[in-house]
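> Show me how the following folds:
(chains A, B and C)
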Amino acid sequence: MTRGTLIYIGQRILLIVVTLLVVSFGVFAAVHSLPGNAFVSAHLHGQDLKDLLHQYGLDRPIPVQYWDFLKGAVHGDLGTSLQIQGEAITPLVIRELSVSMELGGSALLITVGMGMLFGVLAAMRQNTWVDYLLTTLAVIGYSIPSFVLATLGLLVFGLWLHDITGGAFYYPIQWTGTYGTLAELSVPAISLGLYTSGQVTRITRAAMLDVVQQDYIRTARAKGLKDRVVTLRHALRNAMIPVTSILGPLIVGIIAGSVVIENIFGIPGLGKEFVRSITAHDYNVTVGVFTIYAALIGIANLGVDLLYTVIDPRIRY
Amino acid sequence: MATTVTTPVPVTEYAGGTVAREQVGLWQDGWRRLRRNKLALAAVVYLALLVLVAIVSFFWTPYKPNFIGACETYATPSAAHPFGCDELGRDSLSRLMVGTQVSLFEGVGTALIVLVVGVTVGLIAGYFRGVPDAIISLIINIFYGIPTLLVALVLVVLLGQGLVNIMVAISATIWMDMARLVRGQALSIREREYVEAARASGAKAGKILFGHIFPNALGPIIVQATFIIPVAILTGAFLSFLGLGVPPPQADWGGMASEGTAAIRYVTHIVMFPSLALSVTLLAFNFFGDGLRDAFDPRQRR
Amino acid sequence: MLSCAARWTHVVRHYGGQELRPSRFKIGGLCLGILGVLTVAACGSGSSTSSGGGLASSQVLHFPVLQDPKTWDPGLLDAEVDSELVQNVYDNLWRFDDKLNTIPDIAVDVPSTTNGEISADGMTVTVKLKQGVKFSNGDPVTSKDVLYSWNRSVALRGPYRSNLSGIAGFTDVQTAGKTYCAKGADVTACRTQTEAHLASGDTKFMMKGLVATDPYTVTITLSSPCGWCIAAWSLQGSTGSIVDEKVIQADPVNWWSKPGEQIGTGAYTLSAYTPKQSIVFKQVPNWWGSPKPTLTEIDIDIKDPSTQTTNDAAWEQGSYDLIGYGGDSTQPQADILRYQSSGAFKSQVSLIPKGRTTWLSFNIGYPATGGPFVGESAAAKGLRMAFALAVDKSALASTVCHNLTCQPATGGLITKGLIGYLGDNTDPLAKFDATQAKSLLHQFDPDGSKTANLKYSFNTGAPNDAVASFLQGQWQQNLGINVALDPHPDASAFISDRLVGKFVMSRDGWQFDYNHPQDWFDNLWGGLAAGANTSGYADPTGDPNPTYDNTLAKADGEPINTALPLYNQLAQMLITDVAYIPLYYSVGQFLIHPYVKGAGSNAQADFYWDEISIQAH
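Numbering: from 1, shown residues only, chains lettered A, B, ... in the order given. Got it, this is the predicted structure:
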């Protein structure tokens, strides 16, 4: 690792830290300024409510509260939940993070794996029906909202098949444990990943054509198997670069999509937590989840940029 | 979630590589290429129809879209109600028509906001460079590090549910692509001779920016803007699926799909038609954007 | 499936064998994934119980709830999901039976003037405790536990402490608790210090009307005769519940969430709790009470409202034994309709009215908020009546609820089935008369200026959105007036605003706490409800003879037989003054498989777990 790379990594980490600070304060201020709170009910309002809010320190100025939060967060302590009184947030969020990563990671695998696979095939069979089919499928893939796919998947695999076969086909329609089994994971991951795999397909196809086109013509007649193999390897490697370049936005897209997918399939992950904590005014959870996502994205982007150096030796920082 | 990706890798349309052609203007050549792209043409026709439906629905729908009791609740499609009725007995066709307004507004409105903000910011950063560029680039990079849908969620909750607020919230998550694109264009175009000449002759910055740089970057900007529309519509659909879209009783596709999902084992038509409408519309915009890009983006030409 | 793998391999190999192994693995992985899903298909779903008549071998009840517990500390509890669960963990001195009558629990009998346990002047209540009542950790229950539990509830200033407000010394302890905890110390310090004061016997923290005359007798002196007190003290999982001082003082803040520390006198106790995931309760061995429990374990999955459809589907497939317990008694309508139309599940759906009424409140008493409905002039009342008569309540119930999840409120605001219900079709405000409505409108607002720019405010969520749209349609159709909708996505903000009278027309409602009209009339209207009075309906300020407040005070002091006519007078006052538009009574939907015997619900709460057994199936 060169000095330049180290400096680059240092700059990027600084950027991530700045982003996290800005983001966490922004979200903190935003949710605290929302009307309503976690406690009010038909039986708890007025002066009683004010006293309770005072007990929890929720009537102090926002920068003061944020400072308290930050002091704890830096040590990994995100405070306690207001919704579940007394429950520490950090272990909760860590567990849900690993669930979301299990889902997101699987979706990413499917995205990149299936996407590149289809892209290769389409390029191989350029301008044949295979090509048109796969390309059209790709475009359709990223035109159909993932919640439509998810609902369809739930309907087909969770319910219809079970009903039609009289119970012989059993798909677990919701997660029973903390982590999903392969069966529980497959349909949600595919619904989440299919959307972005369309883009990967198109990019892979285009990149491969760029290379294969030229060489294909040259080697069309004579050389035989071996050269085609070399061409393919070269083409594939060339395709990795643009795919890697959109890996960052892909990950952001998967994170965004997971919010809805987790809701539909009842997956106990961060996305579901986030939506719930906003409506329940569980402030620290909202800020915690948001900040974790931002950190994830920052690290993922950094990782992707470092990946570049591995894939394309010409790129150096 | 789709992000616009303008890759540096061109798509060839035919085997055979570069062919020398006569020098024609960007626009005429572009139109010609666009006309030859059948998918894009079909998409344009569909979108024109959609706009027509949206306009018509301002004045007339088969039934009043919010009228509870127009028919039996959950009624399946019939002659009187070609798309059936929803869970409150409101005519689905009428609601779909009115929902078109929301989707188109969200899409085009967001694209306009992003255009204004992104172009301005990008031009400033790319042309003036130095400190403004550093600050703007920092802001752009910070925004890139934020999860998009979550930002939109927080903003909608903060600003309140309303069409304009939703457009603002969605814009906040996708303006960076446009800004970065325009910045890149400004950075490269400013080095061209006629721009230097204009600067040397004392032209004001505004005139250079909007007289020289902006017109030359127009191609990629238009293509980018066209791709923003489906992303905005999709984000809007996500928001309303989660219950944070336009407030009831306004009909919108995402909200209708969400209501239909709960009823899906009882009747399928409530979720099917808005989902279909969303998917086909997004597809159309994507095909259209592809066609535009292939036709107009000079970097794509081979 | 295997041919799937073979074919792709062939395609790939055609382009050059070994070097493409990575791709083949990708393909293979995909096939494997699909294979995996379908392999699971080969195993059906299972239930593991013996067949043949009689009890199943596994007595574990499995059902979902829709949110985490906020707290299981009965002194602080106010969420329905929480009280429905912990009513099986804690007992009160009395409780409600399945028909909502008060019966003895830890007490020997229900005090009344007939058995002498309520003094003739109504100021003293003598309670005798059963002997042999034990906490689940074996500690015996004596009268000092009653004192501790009730004093603690007041000192902690929980939302339901007013249930104990009839006892002499209540306000002093309430103030002592506030003076201490409101100091801005954090919550932990506040709770810990309160326990310290209670432990040291600090008299400021003890209600002087609550005395333990001997280990099994408690003498309660009231501040004034109180007809509703025993009903309020019987509310399960609330401030009247008996808790173990020893355990709480060891861990004042989190005792309620820890197995082994959540100690009560009920038949079940907490065995495990994983936040956002699951709760397990286990039977208490050698429980003192009756009927002796059959279920050994209660497994509860913590889900959330967005998963209701999948929960129902899971119930159909046998993963859950019932749905509806734990406050989850409103199912997605499409599912109920589907069950009602199919054969298999039709008999497994139970529709049970829940003691909850929804109505529309006008701004009557807050001049600052404005609107044409303020005050008691003929015009204001006439316009209120016009809007009330213009709504077809039966159509509302049939369109929005399919007559399944709600029924029209035709007998006053106190829900059908509760004491104080006026009788079917006795509320004139529940009538639908479009002609009369229109004529009233023309009479009192001929040019339409007063009723322009009206808004109906409500918190969003089903069925409120649908009800709002329906109401809007009715006024448009029957009065020709366009009332805008004012949705509030944040329920807590909406409630705060509504309770201080910020809206001209708003959605209002109440779920009863105990079966006594005082619960309604004290909390919703009149002087006592100040600060929580949505409509502002009350005796005029400075009125030397406040009819509402005087009648209410008298009624609250009488035993129920003499009090009821007085409460009915209050109900009539509300009707004559057109204080509301009645909308609907809520109906809960429970999905219960036939092999779950003894499960069900009344208007207030689910039946207890110790009444339930699982038959072989």
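> any low-confidence regions in the stretch 151-300 of chain B?
B:297-300 (pLDDT under 70).
> Closest residue of it to chain C?
Residue of the stretch 151-300 of chain B nearest chain C, by CB to the nearest CB: B:A263 (3.4 Å). For glycine as for every other residue, the C-beta is placed from the backbone atoms N, C-alpha and C.
> what's the nearest residue to that residue if we skip its chain neighbours?
The shortest distance from B:A263 to any non-neighbouring residue, by CB to CB, 6 or more residues apart in numbering or on different chains, is to C:A334 (3.4 Å).
> Next: C:A571.
Closest to C:A571 by CB to CB, 6+ apart is C:G412, at 5.2 Å.
> Report the contact partners of the one you found.
Applying CB atoms under 8 Å, 6 or more residues apart in numbering or on different chains to C:G412 gives the contacts C:420-422, C:426-427, C:571, C:575, C:582.
> if we go to 7 Å?
C:421-422, C:426-427, C:571 (CB atoms under 7 Å, 6 or more residues apart in numbering or on different chains).
> and the gap between it and C:T562?
Distance of C:G412 to C:T562, given as CB to CB, to the nearest Å: 19 Å.
> give the contact list for the residue nearest the centre of chain C.
For chain C, the residue nearest the mean C-alpha position is C:E80 (3.9 Å; CA atoms, centre = their mean). By CB under 7 Å, 6+ apart, the contact set of C:E80 is C:G327.
> Let me know the pLDDT of it.
The pLDDT attached to C:E80 in the predicted structure is 88.
> Look up the closest residue to residue 92, ignoring the ones flanking it.
Unless you meant another one, I'm taking chain A. The nearest residue in space to A:L92 (CB to CB, 6+ apart) is C:P275, at 5.7 Å.
> think we crossed wires, I meant chain C
The shortest distance from C:N92 to any non-neighbouring residue, by CB to CB, 6+ apart, is to C:G240 (4.5 Å).
> Look up how far chain A lies from the one you found.
15 Å (CB to the nearest CB, to the nearest Å).
> burial measure for that residue, as a count.
Using other CB atoms under 10 Å in any protein chain shown, C:G240 is surrounded by 28 other residues.
> Under a three-state scheme, what state does it occupy?
Secondary structure for C:G240, judged by DSSP: H, G, I helix; E, B strand; the rest coil, is coil.
> How about C:R157?
Judged by three-state DSSP, the three-state class of C:R157 is coil.
> Tell me the pLDDT of the residue nearest to it when sequence neighbours are not counted.
Take C:R157 and drop its neighbours on the chain: the residue closest to it by CB to CB, 6+ apart is C:G177, 5.0 Å away. For C:G177, the pLDDT comes out at 85.
> Could you do C:S48 as well?
As predicted, C:S48 sits at a pLDDT of 43.
> what are the ranges of the strands in the stretch 251-400 of chain C?
For the stretch 251-400 of chain C, the strands defined by DSSP state E, counting those that start in this stretch cover C:268-274, C:278-283, C:297-302, C:322-323, C:349-362.
> So which of those strands is the most surrounded?
The highest mean neighbour count among these, using mean count of other CB atoms under 10 Å in any protein chain shown, belongs to strand C:322-323: a mean of 24.
> Show me which residues of the stretch 151-300 of chain A sit near chain C.
Within the stretch 151-300 of chain A, the positions lying close to chain C (CB under 7 Å from any CB of the partner chain) are A:158-159, A:162, A:167-170, A:173-174, A:178, A:182-183, A:186, A:225, A:228-229, A:232-233, A:263, A:266, A:268, A:272, A:276, A:281.
> Which ones among those also lie next to chain B?
Contacts with chain B within these, counted by CB under 7 Å from any CB: A:L159.
> Please read off the pLDDT at residue 154 from the model.
With no chain named, the answer covers chain A. Value listed for A:L154 in the pLDDT field: 82.
> Can you look at chain C instead?
Looking at C:V154, its pLDDT reads 93.
> Excluding covalently adjacent residues, which one is nearest to it?
Excluding the flanking residues, the one nearest C:V154 by CB to CB, 6+ apart is C:V173, at 4.5 Å.
> Tell me who's in contact with that neighbour.
Here C:V173 is in contact with C:151, C:154-155, C:205-207 (CB under 7 Å, 6+ apart).
> burial measure for B:W253, as a count.
By other CB under 10 Å, 29 other residues sit near B:W253.
> Ignore what I typed, I meant C:G531.
Applying other CB under 10 Å, we find 12 residues neighbouring C:G531.
> Go ahead and confirm it touches A:G46.
Yes. Using CB atoms under 7 Å, C:G531 makes contact with A:G46 at a distance of 4.2 Å.
> So for the nearest residue in space to C:K393 that is not next to it in sequence, what's the pLDDT?
Spatial nearest neighbour of C:K393, excluding adjacent residues (CB to CB, 6+ apart): C:P408 at 4.1 Å. Turning to C:P408, the model gives it a pLDDT of 96.
> what do you get for the one 3 residues further on?
Among the per-residue scores, C:G411 holds a pLDDT of 94.
> From chain B, how far off is it?
Taking CB to the nearest CB, one finds C:G411 at 25 Å from chain B.
> isn't that residue right next to C:D427, touching?
Yes. Here C:G411 reaches C:D427: they are 5.9 Å apart, a contact under CB under 7 Å.
> Which residue comes closest to the spatially most central residue of chain B once chain neighbours are left out?
Centroid-nearest residue in chain B: B:I229, 0.5 Å away (criterion: CA atoms, centre = their mean). Nearest non-adjacent residue to B:I229, counting by CB to CB, 6+ apart: B:G107, 3.9 Å away.
> what's near enough to touch the one you found?
B:G107 is in contact with B:229-230, B:232-233, counting by CB under 7 Å, 6+ apart.
> again, only using 6 Å
Listed by CB atoms under 6 Å, 6 or more residues apart in numbering or on different chains, the contact partners of B:G107 are B:229, B:232-233.
> Could you report the separation of it from B:P230?
To B:P230, B:G107 is 7 Å away according to CB to CB.
> repeat for C:I560
65 Å.
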